[in-house]
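[1] predicted model, plus sequence, below.
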Amino acid sequence: MKSVLKGDVDVVRFAAFAEMAWLEPRPELAALCRAARDSSGGLLADTVSNVLAGVSEVGVRNILSWCIDLGLCERSGALTRLGETVADTGEAPVPEQGVYDFWVVDHPLLGRRILHVDRLTWRQDGRYDRIERLSVRPEEGRTYSSVVSAGSRFVLRNFPSNHGEVDGLPQETRAVCRLRWTLDFEAHQNRFELSGELDSPRDRALRPIRQALESVEIDLWEVARGWADGPLSKHGRWDSEARRQAVPFAGLSEEEQENFRKTLDLGTVEVPGFGTWDDVRLEATPIGPISDSDATAWALARLDRRLIRCRHSNTRAEVRRLFLELTEQTPLEPMRPTLESHEQLLSRYRSSPDVFWRLAAPVDLAVESPTEEELGPMTVGRAKPRPRKQRQDGVGR
């Protein structure tokens, strides 16, 4: 059971004065962050003294102050998200200030994310009379990876401003950004990626977006339960316990009947906390019958196909065994499908003489006639009599 959610994401481009930090290899800071993560207290004076032996007391205080200023830890010593990144990657942010060109998106799944940053100079653009409040303010203190420059990773430390208001110079852009999010319910996995193109300010060329797969923390079965009274309801009834859709038998294709899977068109769906998505399909959705009568019709349809393809005569006991094979341990079994009596089954095939006689002859010519119970209807799940010993004719599959 899988769904692929897709959509276009608007890209906002602007120039602004900011304090940035590009990540560079810094083994000493990485060692400090790893030691802080492994200790109970975090990044404290003892941590610095143990990792950087021989540093004076004043030096320890300066290093701690520097780590706080870089955003690697809180004043309490607790590592920040950036500090965790430094511990994992060995790269630390090197701060700088200047004017930068930003490409930014704002989406519930992505957050207020920077796709790419280019350094600018004051002389590159003199249209500062057009400066205005930023329509999208990207998240600060978060590590970003450029989607067009491989290996470029950076942190937006802040936008120096008065009273927290941030202004920038709007820039025209031809950028196109597409988002694709794959939800694999049965594997308990989700992955999303970006594609598209960003424009280059230097030569106006379009650069392809390349981004590693990412995921978020989400309970996909809880999402499915949330869809039960909405987009799933037009296809039947969602069974949260069995994790399948109960559907009417009418309209099911032969493949859907045999595989107990169906692709459902859901239209517009909401994933709580991660946005609204259009034109959604739920592929290979597990399905089962919505009622007892649907279960019986479904089971008999599967039986019909086996008997029609079979080229051997089948005793009543073999037909009963085949019906059990086609229903037990399938989504049909809980709805207790019923095999018709021998006479009722024969009436289904009066227009198909070959099948009719392959069922009728073993009963009519049997040395020992089947019992009345064997010739009667059989409901799956009820106690079944021990079959009598008989010849093995085989049942076609």
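    Looks like it came in fine.
[2] biggest strand in the chain by residues?
    For the chain, the strand reaching the highest residue count under DSSP state E is reported as strand 91-107.
[3] beyond it, next helix or strand please.
    Note on strand 91-107: by DSSP states H and E, the next helix or strand toward the C-terminus is strand 111-120.
[4] name the helices or strands packed onto that next one?
    strand 11-25, strand 91-107, strand 143-145, strand 153-158, strand 189-199 (3 or more Cβ pairs under 8 Å, 6 or more residues apart in numbering; DSSP states H and E). Any C-beta I mention is one placed from the backbone N, CA and C, and that applies to glycine too.
[5] each with direction, which strands does that strand pair with?
    strand 91-107 (antiparallel) (DSSP bridges).
[6] pLDDT on the longest strand of the chain, on average?
    When pLDDT is averaged along strand 91-107, the result is 94.
[7] with stretch 206-221 instead?
    96.
[8] with distance to Leu213 added, can I get the helices and strands packed on strand 111-120 in JSON lines?
    Shown next, in JSON lines, are the helices and strands packed on strand 111-120 (distance: least, Cβ to Cβ, whole Å):
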{"stretch": "strand 11-25", "distance to Leu213": "20"}
{"stretch": "strand 91-107", "distance to Leu213": "16"}
{"stretch": "strand 143-145", "distance to Leu213": "12"}
{"stretch": "strand 153-158", "distance to Leu213": "17"}
{"stretch": "strand 189-199", "distance to Leu213": "5"}
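[9] relative orientation of the longest strand of the chain and strand 153-158 in degrees?
    Angle, strand 91-107 to strand 153-158, by axes from the mean of the first three to the mean of the last three Cα atoms, to 10 degrees: 80 degrees.
[10] export strand 91-107 to CSV, keeping only CA atoms.
    C-alpha atoms of strand 91-107 as CSV (Å, rounded to 0.1, in the frame of the first residue of the first chain):
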residue,chain,number,x,y,z
GLU,A,91,32.0,20.1,9.7
ALA,A,92,31.4,23.3,11.7
PRO,A,93,30.0,26.7,10.6
VAL,A,94,32.4,29.6,9.8
PRO,A,95,30.5,32.9,10.2
GLU,A,96,30.5,35.8,7.8
GLN,A,97,28.4,38.8,7.0
GLY,A,98,27.4,40.3,3.7
VAL,A,99,24.7,40.6,1.1
TYR,A,100,23.3,37.4,-0.3
ASP,A,101,20.9,36.2,-2.9
PHE,A,102,18.4,33.7,-1.4
TRP,A,103,16.1,31.1,-3.1
VAL,A,104,13.5,30.1,-0.5
VAL,A,105,10.4,27.9,-0.3
ASP,A,106,7.7,27.7,2.3
HIS,A,107,5.8,24.4,2.6
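[11] now the spatially most central residue of the chain: how far from Phe192?
    Residue closest to the average C-alpha location in the chain (Cα atoms, centre = their mean): Leu183, at 1.7 Å. Counting by Cβ to Cβ, to the nearest Å, the gap from Leu183 to Phe192 is 9 Å.
[12] likewise Leu64?
    In terms of Cβ to Cβ, Leu64 sits 37 Å off from Phe192.
[13] this structure - how does it break down into domains?
    27-89, 220-290, 293-379 (automatic domain parsing).
[14] that older thread, quick check: phi and psi on the closest residue to the residue nearest to the centre of the chain other than its chain neighbours?
    Leaving aside its sequence neighbours, Leu183 sits nearest to Ser3 (Cβ to Cβ, 6 or more residues apart in numbering; 4.7 Å). The phi and psi torsions at Ser3 (degrees, to the nearest 10) take the values phi -140, psi 140.
[15] distance of Ser3 from Leu232?
    From Ser3 to Leu232 the distance is 11 Å (Cβ to Cβ).
[16] repeat for Leu183
    Taking Cβ to Cβ, one finds Leu183 at 14 Å from Leu232.
[17] ok, Val280 next?
    On the measure of Cβ to Cβ, Val280 and Leu232 end up 11 Å apart.
[18] quick check: buried residues in the longest strand of the chain?
    Residues Glu91, Ala92, Pro93, Val99, Tyr100, Asp101, Phe102, Trp103, Val104, Val105, Asp106, His107 are the ones in strand 91-107 that count as buried (16 or more other Cβ atoms under 10 Å).
[19] can you tell me which of those lies closest to Asp46?
    Ala92 (20.7 Å; Cβ to Cβ).
[20] and the nearest residue to the closest one once chain neighbours are set aside, how many neighbours?
    Leaving aside its sequence neighbours, Ala92 sits nearest to Arg26 (Cβ to Cβ, 6+ apart; 3.7 Å). Residues contacting Arg26 under the criterion other Cβ atoms under 10 Å number 17.
[21] is it possible to get TSV of the buried residues of strand 91-107 that adds distance to Phe249?
    Below are these laid out as TSV (distance: Cβ to Cβ, whole Å):
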residue	distance to Phe249
Glu91	59
Ala92	62
Pro93	61
Val99	66
Tyr100	61
Asp101	60
Phe102	56
Trp103	52
Val104	51
Val105	45
Asp106	46
His107	41
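[22] nearest to Cys73, of these?
    Once Cβ to Cβ is applied, the member of the buried residues of strand 91-107 that ends up nearest Cys73 is Ala92, at 12.0 Å.
[23] picking that back up, next, give phi and psi for the residue nearest to Ala92.
    phi -140, psi 90.
[24] ditto for the one 10 residues further on
    In terms of degrees, to the nearest 10, the main-chain angles of Ala36 are phi -60, psi -40.
[25] look up how far Gly7 lies from it.
    In terms of Cβ to Cβ, Ala36 sits 40 Å off from Gly7.
[26] ok, now Thr285?
    The value you get for Thr285 to Gly7, if Cβ to Cβ is used, is 21 Å.
[27] which one's more surrounded, these two?
    Thr285 (25 against 16).
[28] that one contacts Lys262, correct?
    Yes: the criterion here is Cβ atoms under 8 Å, and Thr285 meets it with Lys262 at 5.5 Å.
[29] any weak-confidence spans in the stretch 251-397 of the chain?
    Low-confidence segments of the stretch 251-397 of the chain (pLDDT under 70): 382-397.
[30] helices along that one, start to end?
    254-259, 292-309, 316-327, 342-348, 353-364, 372-375 (DSSP state H, counting those that start in this stretch).
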